[in-house]
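Q: Sequence isn't available, so here's the structure alone:
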């Protein structure tokens, strides 16, 4: 489980590249947040490709300024708290 709450995703990107290169198995889940989807979803195409190819099992995003009520990574984690605990 990787959590990038607006702090940057470069280390997680590197981790995913390593998993891809090594053919690593097992589940992986990324929570990513920033202010705006259009300008701040860094490496979006790579994340989507990893999801499509099964290298990344699941990804939840939160863009806090794209709607009136702010949504943060911790809100996404709370929404999935039962699955996270398991």
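A: Received it, and whenever you're ready, just let me know what you need. Just so it is clear, the model here is predicted, and its values are computed rather than measured. Residues are numbered from 1 along each chain as shown.

Q: quick one: what helix or strand has the residue of the chain most remote from its centre in it?
A: Taking C-alpha atoms, centre = their mean, the residue of the chain most remote from its mean C-alpha position is residue 68, at 22.0 Å. For residue 68, there is no enclosing helix or strand under DSSP states H and E.

Q: ok, it to residue 1 distance?
A: Distance, residue 68 to residue 1, using C-beta to C-beta, to the nearest Å: 29 Å. The way it works is simple: take the backbone N, C-alpha and C, and place the C-beta from them, glycine included.

Q: try residue 40
A: For residue 40, the distance to residue 1 - C-beta to C-beta - is 21 Å.

Q: Look at the two and report which has more neighbours.
A: A count of neighbours by other C-beta atoms under 10 Å puts residue 40 above the other of residue 40 and residue 1, at 17 against 10.

Q: For the residue nearest to that one when sequence neighbours are not counted, the count of nearby residues, please.
A: In space, and not counting its chain neighbours, residue 40 is closest to residue 34: 3.6 Å by C-beta to C-beta, 6 or more residues apart in numbering. Residues near residue 34, counting by other C-beta under 10 Å, number 23.

Q: Contact partners for residue 34?
A: Shown in contact with residue 34 (C-beta atoms under 8 Å, 6 or more residues apart in numbering): 6, 40-42, 63-64.

Q: do residue 70 as well
A: Applying C-beta under 8 Å, 6+ apart, one finds that residue 70 lies in contact with residue 64.
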